[in-house]
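K.L.:
Give me coordinates for this.
(one chain, ligands or ions: 1)
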Amino acid sequence: MSEHPITHADAVVVGAGPGGSAAARFLADAGRDVVVLEKASFPRDKVCGDALTPRAVRALEQLGLHEEAAGEPDGWVAQSGLRMYGGRTVLDLPWPEVGGWPTHSVTATRSLFDHTLAEHAVKGGAQLWERTEATAPVWLSDRQERVAGVTYRTRDREDGATEEGTVRAPLVILADGNSSRMAVALGLHRDASRPMGVAVRAYYESPRAEMDRMEGFLEMRTPPEEGARYEDGDLLPAYGWIFPLDDGVVNVGWGLLDSSPHFRSINYRKVLEAWVDQFPAEWGITPETRTGGVRSAGLPMAHNRHPMLHRGALLVGDSAGMVNPFNGEGISYAIEAAAFAAEVGDEAIARGSDAPLSRYPELVQGEWGGYYTLGRTFTWLMGHPTVMRVCRDYGMPRRRLMDFVFRTMAHLVSPRSRDATDLILNSLSRAVPAA
Ligand SMILES: Cc1cc2nc3c(=O)[nH]c(=O)nc-3n(C[C@H](O)[C@H](O)[C@H](O)COP(=O)(O)OP(=O)(O)OC[C@H]3O[C@@H](n4cnc5c(N)ncnc54)[C@H](O)[C@@H]3O)c2cc1C
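P.N.:
Purely as a prediction, here's the structure:
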């Protein structure tokens, strides 16, 4: 007897990361019969900074995870701002009180975070099929124009034996992450002209876990030659972070943009080690306090796989390259896009028509399309060491400018506000094509 006897649902979601679990919960809340296929089983690790900005906190609230959004349960902690380091300047930037945005951020390991979201989808009524990998699209007709479900392979928990099956649905959502094999199977590849990043992270036991701030660093360098000082390394178009977690642990990492000539050639782990090596001793962040390995993964930015509606499938989160090119944040956008996908998907199912699906790209582009276009220029500029140096030396010491930069990078902007930062950013975002 099959572990997954059903062969039809209202919606099939591939991947139970933040995008997939959120889409499943939103659709289940709308009364839809949803199946989520996840090739791993929870809890499972995911390489990430584990940081949720106020924007992501709002997305969690939208999802109904209010206690987690407040940083209340074990394993979740809240911070009241960001401390930013660049050159000789250290800036303390409380999360701004503007536009009704939450005034705190939250951190939780992805192992806990993703498990919580997947359970939340199940509590809402979605079926979660773990250890189940979507293997190929199922087409509505031989013309292969419209996807109508997926084939899958489930691995048995005990003996690892596999079983294959098919599940069909009028709504198919692909939330299978950066590599998105399913999008590739639909003929959709990455757009190499859009920015891409790579980031690495490691966990350390450190007294810095007690701090009430996230920390960001604009001074990442190539590892120095033997005997040379850290400052002698080349400045990279990169940013570093220390994010405090529960239980005395910090997440330390850094990310590099593909606009850098070092993108493919540098040893990411050595950069991390050289950077950590010059931290003050009292931070306690050393090779001895590291727990676990140094791991890296890609950051697909600025809609680097498009269109996000393709052959009837809606692409959500990293599968559509929805990471914010200004700051490397992807979780909030995955959840926000999931809400849009669920809204149009529910309407399409109700009407028995694909017409509502075409609103999905419009909704996403309307929310952040112009901002991401600006972000593409930003990543291109940051790829030039001189621009990076000027920002660090002349931008960092100017507080008002940095407040503007801070809000821009954290994307804490309100479309209808008359605040100066909102007015400038909204005008700029509208002046460029959303893409
Ligand atoms: C080092 C690093 C640090 C980062 N730090 C942050 C941060 O601090 N804050 C932030 O907001 N973002 C951060 N990001 C980005 C963030 O991790 C992603 O944007 C986010 O995980 C996207 O969510 P998703 O649901 O789209 O995809 P994913 O989280 O990648 O989830 C995809 C899921 O699909 C499953 N899957 C894949 N293929 C299949 C298949 N064929 N069948 C079934 N299941 C499948 C996978 O197992 C996975 O569970 C970081 C990224 C990196 C690499």
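
K.L.:
all contacts plus neighbour counts: C-alpha atoms, from now on.
P.N.:
OK.

K.L.:
Any idea how far stretch 199-206 is from the middle of the chain?
P.N.:
Distance, stretch centre to chain centre, for stretch 199-206: 18 Å (C-alpha atoms, centre = their mean, to the nearest Å).

K.L.:
which residues sit against it?
P.N.:
The contact list for stretch 199-206 (C-alpha atoms under 8 Å, 6 or more residues apart in numbering) reads 47-49, 248-256, 268-269, 272, 283-286, 289-299.

K.L.:
give me the subset of these touching the ligand.
P.N.:
With the criterion set as C-alpha under 6 Å from any ligand atom, the members of the contacts of stretch 199-206 near the ligand are Val47, Cys48, Gly49, Ser296, Ala297, Gly298, Leu299.

K.L.:
May I ask which two of these are separated the most?
P.N.:
Using C-alpha to C-alpha, those reach their maximum pairwise distance at Gly49 and Gly298, which is 12.4 Å.

K.L.:
Which one of the two is surrounded by more residues?
P.N.:
Between Gly49 and Gly298, counted using other C-alpha atoms under 10 Å, the more crowded position is Gly49 (27 against 17).

K.L.:
my guess is that one contacts Val252, does it?
P.N.:
Yes - under the criterion of C-alpha atoms under 8 Å, Gly49 makes contact with Val252 at 7.5 Å.

K.L.:
what residues are shared contacts of these two?
P.N.:
Arg201, Trp241, Phe243.

K.L.:
Of the residues you listed, which is the nearest to Gly86?
P.N.:
Trp241 (12.0 Å).

K.L.:
Report the beta-bridge partners for the nearest residue to that closest one once chain neighbours are set aside.
P.N.:
Closest residue to Trp241 apart from its sequence neighbours, by C-alpha to C-alpha, 6 or more residues apart in numbering: Gly216 at 4.5 Å. Assessed by DSSP bridges, Gly216 has beta-bridge partners Met84, Trp241.

K.L.:
Please report the distance of Gly216 from the ligand.
P.N.:
Distance from Gly216 to the ligand, counting by C-alpha to the nearest ligand atom, to the nearest Å: 11 Å.

K.L.:
Turn the shared contacts of Gly49 and Val252 into a markdown table, including distance to the ligand.
P.N.:
What follows is the shared contacts of Gly49 and Val252, written out as a markdown table (distance: C-alpha to the nearest ligand atom, whole Å):
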| residue | distance to the ligand |
| --- | --- |
| Arg201 | 5 |
| Trp241 | 9 |
| Phe243 | 8 |
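
K.L.:
what helix or strand is Ile27 on?
P.N.:
Actually, residue 27 is Leu rather than Ile. Element membership of Leu27, judged by DSSP states H and E, is helix 18-29.

K.L.:
Give me the helices and strands touching that helix, please.
P.N.:
Applying 3 or more C-alpha pairs under 8 Å, 6 or more residues apart in numbering; DSSP states H and E, we find helix 18-29 packed against strand 11-14, strand 34-37, helix 110-123, helix 331-351.

K.L.:
Let's see the pLDDT reported for Leu428.
P.N.:
pLDDT for Leu428: 76.

K.L.:
Return the distance of stretch 399-407 from the chain's centre.
P.N.:
Worked out by C-alpha atoms, centre = their mean, stretch 399-407 lies 23 Å from the chain centre.

K.L.:
got a list of contacts for it?
P.N.:
Outside stretch 399-407, the residues that touch it by C-alpha under 8 Å, 6+ apart are Leu93, Pro96, Gly395, Met396, Val413, Thr421.

K.L.:
same check, this time on stretch 321-329
P.N.:
Applying C-alpha under 8 Å, 6+ apart, the set of residues contacting stretch 321-329 from outside is 178, 195, 197, 255, 299-305, 316-317, 330-331, 333-334, 372, 375-376, 378-379, 408-410.

K.L.:
From one end of that stretch to the other, what's the distance?
P.N.:
End-to-end distance for stretch 321-329: 11 Å, by C-alpha to C-alpha, to the nearest Å.

K.L.:
Residue numbers of the stretch 301-435 of the chain in contact with the ligand?
P.N.:
Residues of the stretch 301-435 of the chain found near the ligand (C-alpha under 6 Å from any ligand atom) are Gly317, Asp318, Ser319, Val323, Gly328, Glu329, Gly330, Ile331, Ser332, Ala334.

K.L.:
Can you report how many residues neighbour the second one?
P.N.:
Read that as Asp318. Neighbours of Asp318 under the rule other C-alpha under 10 Å: 29.

K.L.:
so it sits right up against Leu174, yeah?
P.N.:
No - Asp318 is beyond contact range of Leu174, at 9.7 Å (criterion: C-alpha under 8 Å).
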